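Asker: Okay, here's the prediction I keep looking at, along with the sequence it came from:
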Amino acid sequence: MPGTAATAPSLLVRGLRKRYDDVIAVDGLDLEIRAGDCFGLLGPNGAGKTTTIEICEGLTEPDEGEVVVLGLRWGEHDRELRERLGISLQETQFSEKLTVEETVRLFRSFYRRGPSAEEVIGTVQLQEKRKGRVGQLSGGQRQRLALACALVGDPALLFLDEPTTGLDPQSRRQLWDLIERFKADGRAILLTTHYMEEAERLCDRVAIVDRGKVIALGTPGELVASLSAEHVVELTLAPGAALDEESLGRVEGVAAAHRRNDTWRIRVAELHRAVPALLAELHRQGAQLTELRTHSATLEDVFVELTGRHLRDE
Amino acid sequence: MTNEARDWRGHPLVQLTLVRYREFFREPEAVFWVFVFPVLLTAGLGLAFRHQAPERIPVAVVERGTASATVIDALAKGSDFLPRALTDSAAARALRSGTVALVVVPAGAADSVEYRFDDERPESRTARLLVNDALQRAAGRSDRLPVTDRQVREAGSRYVDFVVPGLLGMNLMGSGIWGLGFAIVDARRKKLLKRLIATPMSRTQYLASFVLSRLTLLVLEVGALLGFAFLVFGVPIRGALPTLLAICLLSALSFGALGLLIASRARTVEGVSGLMNLVMLPMWIFSGVFFSASRFPDALQPFIQALPLTAVNDALRASMLEGAGWDRLAPEMAVIAAWLAVSFALAVRLFRWR
């Protein structure tokens, strides 16, 4: 059954290191996922999320560090672990000539126990495509097939590597609904993503990862609250207009200001005080404003605050 | 959660093997190359090199009045010659262009003949002997030694008989190497191999599914080609059928292992295609598929004899055409088995699952 011992962590990672040739992919990373938690690794491309998750899946050997999965270790209990983990890799392409049902049946045959192929196809809402060839599926349907193949062994821990990358918003929301349902079943989930909305919506706890390290850890709410200034003002200036960063930082209520091209992202504690003050400062500096937007701070802002970069830079 | 009862259909080896069949039969091109192409090739070669009734030999007789008529009468009697009377210059032209094999010039009163021919053309030399024989007899020569001719046209000595075992060998090689190589590299490229080893699937069963599916497809493949050659062209199968099947089986396993080795590291279909052609091309040329490997110089023979396809073709020909038994096939079988053992051992050591 999922989550056997409520006290033991589903996944424990300590001091994980992995380097490829001259690139350090994972640089001393620690994680702890409690039973029943949905845990998110949030970070930009190349942050080391996939290497980390593949080490936890037993597909990559770490150079250093300790990994305990469901109380078991790779190299000692591989067969047992494979039976109890559900895995969706970042870019698996299933055989295009097989049908959905044939593919799920194949994966089901590898596990000693678990739901029937029909049940799993129902869970991921692919009943109508049951007899359809994998080659005819849309991106979202393929991701749901990957989920089905991850679920056939009734896993206690699910690893989902970028489950919604490249999907349209509607397919993404459909997948989120499904993942929320698995959470309700009491399974632990580790998912990686570079979409902050995804982490905010699905994850009980989030680790923000950058350059192979965890740079922030907590619930999405805690992480946003850690910013102390919970609103963001975005100012877009007319091309060529210059703004003095230092004097901007001295404006009342401004906690931090970051520039990208012609857009400034300014975190403030109280909108109603900061916005008039900012506009006055702009007027004083003679900068032409083309757009002004505000929003509540998100995990993206946490990332920007911590690294000075955006999640989807490059 | 139900625990689905695992009947035989739910066994991973059965499911994996079913996947192999599905992927094969849902790829019309693959089916064509494995089943239809060898049959078409056999049909084409069998038709092109079929036995024909011996043709009449075209002979020009230079016009010299009655002497020419006597010669033409003598030659036209049997069914061996096709004599025609031509002027001197027309006869010379016909000889030059090869429309006649020989020019006979009757020498008027002296009652003698002159033969004009190119002694470098075998058919001209034959024509010279046969025409001379016929004219001498017509002139009254009698043979001292009584002879009887008996024509023997036996299946087994025709080109189609030679080429069918070669095509069978080539087909076993192609489907073994392509069948395994492409499927494995494609699965690796799509990260499907990586996804599979993330499940409790046994890696041995994965590889075994290729062996199993190859063996069943083999029966169809060999059956189609041999059945066609036997029924349409009467190509003989003189050796014991179980022996022939055993040769095919060992050959298929050996080429499958070679395919596995070729595919053990390649990451792209382009890369593996190049490797496959590199491995197969020398065998298409040297291993005696379309003509005997003995045509190559002696210096090359040790290399040629060591190629797996040479051994397979020799064994198939010895069994089908000469009815050879195990004692005679042993050296070839040893070469094929050695390729199987070495390729498989290397492939298992080098194989990359991700």
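Answerer: Looks like it came in fine. Numbering: from 1, shown residues only, chains lettered A, B, ... in the order given.

Asker: which residues touch stretch A:272-286?
Answerer: Stretch A:272-286 is contacted by residues A:231, A:233, A:235, A:242-244, A:247-248, A:251-254, A:266, A:268, A:289, A:292, A:294 when judged by Cβ atoms under 8 Å, 6 or more residues apart in numbering or on different chains. For glycine as for every other residue, the C-beta is placed from the backbone atoms N, C-alpha and C.

Asker: filter those residues to the buried ones?
Answerer: Buried by 16 or more other Cβ atoms under 10 Å in any protein chain shown: A:231, A:233, A:235, A:243, A:248, A:251, A:253-254, A:266, A:268, out of the contacts of stretch A:272-286.

Asker: Max pairwise distance over those: which two?
Answerer: Among these, the pair separated by the greatest distance (Cβ to Cβ) is A:His231 and A:Leu243, at 19.2 Å.

Asker: ok, and what's touching stretch A:169-183?
Answerer: In contact with stretch A:169-183 (Cβ under 8 Å, 6+ apart) are residues A:36, A:38, A:123-125, A:138-140, A:143-144, A:147, A:151, A:158, A:160, A:163-164, A:167, A:189, A:191, A:195, A:198, A:201-202.

Asker: now that stretch, how far from the centre of its chain.
Answerer: With Cα atoms, centre = their mean, to the nearest Å as the basis, the distance from the averaged C-alpha position of stretch A:169-183 to the chain average is 13 Å.

Asker: now stretch B:15-31
Answerer: With Cα atoms, centre = their mean as the basis, stretch B:15-31 stands 27 Å off its chain's centre.

Asker: hang on, the earlier thing: can you tell me which of the contacts of stretch A:169-183 are up against chain B?
Answerer: Among these, proximity to chain B is found for none (Cβ under 8 Å from any Cβ of the partner chain).

Asker: Which ones among the residues you listed map onto helices?
Answerer: A:123, A:139-140, A:143-144, A:147, A:151, A:198, A:201-202 (DSSP state H).

Asker: In JSON lines, list those along with neighbour count and pLDDT.
Answerer: Supplementary listing: the ones in helices among the contacts of stretch A:169-183 in JSON lines, determined by neighbours: other Cβ atoms under 10 Å in any protein chain shown; pLDDT from 0 to 100:
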{"residue": "A:Thr123", "neighbour count": "18", "pLDDT": "91"}
{"residue": "A:Gly139", "neighbour count": "14", "pLDDT": "90"}
{"residue": "A:Gly140", "neighbour count": "18", "pLDDT": "91"}
{"residue": "A:Gln143", "neighbour count": "25", "pLDDT": "92"}
{"residue": "A:Arg144", "neighbour count": "24", "pLDDT": "93"}
{"residue": "A:Leu147", "neighbour count": "22", "pLDDT": "93"}
{"residue": "A:Leu151", "neighbour count": "26", "pLDDT": "94"}
{"residue": "A:Glu198", "neighbour count": "23", "pLDDT": "90"}
{"residue": "A:Arg201", "neighbour count": "15", "pLDDT": "90"}
{"residue": "A:Leu202", "neighbour count": "25", "pLDDT": "92"}
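
Asker: if we take those residues, which one ends up nearest to B:Leu207?
Answerer: Distances from the ones in helices among the contacts of stretch A:169-183 to B:Leu207 were compared by Cβ to Cβ; the smallest belongs to A:Leu151, at 26.5 Å.
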